[in-house]
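*Asks:* missing the sequence, but the structure's below:
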């Protein structure tokens, strides 16, 4: 049978299979419950190392006009080293992340960050102004060593 012009066929109802929908719903529920449990128990949160650090140093990182970075000891104001333009990308990326967080807290650049080696082997970089602490061991041994070198360099070393 033909319907007169202007009267389209009624839309077909859409039927969805129940099992896939239940599976997706269950998956979403498990993700929400897992996230809530992790937040409530503190699972995955950074753990402050116990005791006093074996070595620690407060450093100031200053951008130079040529694209390099001047690293100074915050206590003595002596130059520790200069990071040449285009080098030390992990250090630069880490500093950008800390600078972004400082901007969010409306804190200007040039304040010291604290680099510390702990008895359990951890190496951390912390920003006392924002309370942010980064465990540098999570980024691999090569990246960790780029910061460990700054901890051990004497002033004026290159």
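*Replies:* Right, received. Where do you want to start? Just so it is clear, the model here is predicted, and its values are computed rather than measured.
*Asks:* okay, CA-based contacts and neighbour counts for the rest of this
*Replies:* Will do.
*Asks:* where along this protein do the strands fall?
*Replies:* Using DSSP state E, the strands assigned to the chain run over residues 55-63, 69-73, 79-83, 113-117, 123-127, 132-135.
*Asks:* sheet partners, orientation included, of the longest one?
*Replies:* Within its sheet, and counting by DSSP bridges, strand 55-63 is paired with strand 69-73 (antiparallel), strand 113-117 (antiparallel).
*Asks:* pLDDT of the last one, averaged?
*Replies:* Right, the one you point to is strand 113-117. For strand 113-117, mean pLDDT is 93.
*Asks:* and stretch 75-83, by the same measure?
*Replies:* Stretch 75-83 comes out at a mean pLDDT of 90.
*Asks:* now do stretch 92-109
*Replies:* The average pLDDT for stretch 92-109 rounds to 86.
*Asks:* wait, doesn't residue 114 sit right on residue 57?
*Replies:* Yes. Judged on C-alpha atoms under 8 Å, residue 114 makes contact with residue 57 at a distance of 5.7 Å.
*Asks:* need the strands paired with strand 55-63 in a markdown table (columns: mean neighbour count and distance to residue 24).
*Replies:* Output for the strands paired with strand 55-63, formatted as a markdown table (neighbours: other C-alpha atoms under 10 Å; distance: least, C-alpha to C-alpha, whole Å):
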| stretch | mean neighbour count | distance to residue 24 |
| --- | --- | --- |
| strand 69-73 | 20 | 50 |
| strand 113-117 | 20 | 45 |
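*Asks:* residue 26 is nearest to which of the ones you listed?
*Replies:* Smallest distance to residue 26 across the strands paired with strand 55-63 (C-alpha to C-alpha): 44.0 Å, for strand 113-117.
*Asks:* got the angle between that closest one and strand 123-127?
*Replies:* 160 degrees (axes from the mean of the first three to the mean of the last three C-alpha atoms, to 10 degrees).
*Asks:* chain center to strand 113-117, what's the gap?
*Replies:* The chain centre lies 16 Å from the centre of strand 113-117; the measure is C-alpha atoms, centre = their mean, to the nearest Å.
*Asks:* same check, this time on stretch 115-126
*Replies:* On the basis of C-alpha atoms, centre = their mean, stretch 115-126 is displaced by 16 Å from the centre of the chain it belongs to.
*Asks:* likewise stretch 59-76?
*Replies:* Here the centre of mass of C-alpha atoms in stretch 59-76, compared against the chain's by C-alpha atoms, centre = their mean, lies 21 Å away.
*Asks:* fine by me, thanks again.
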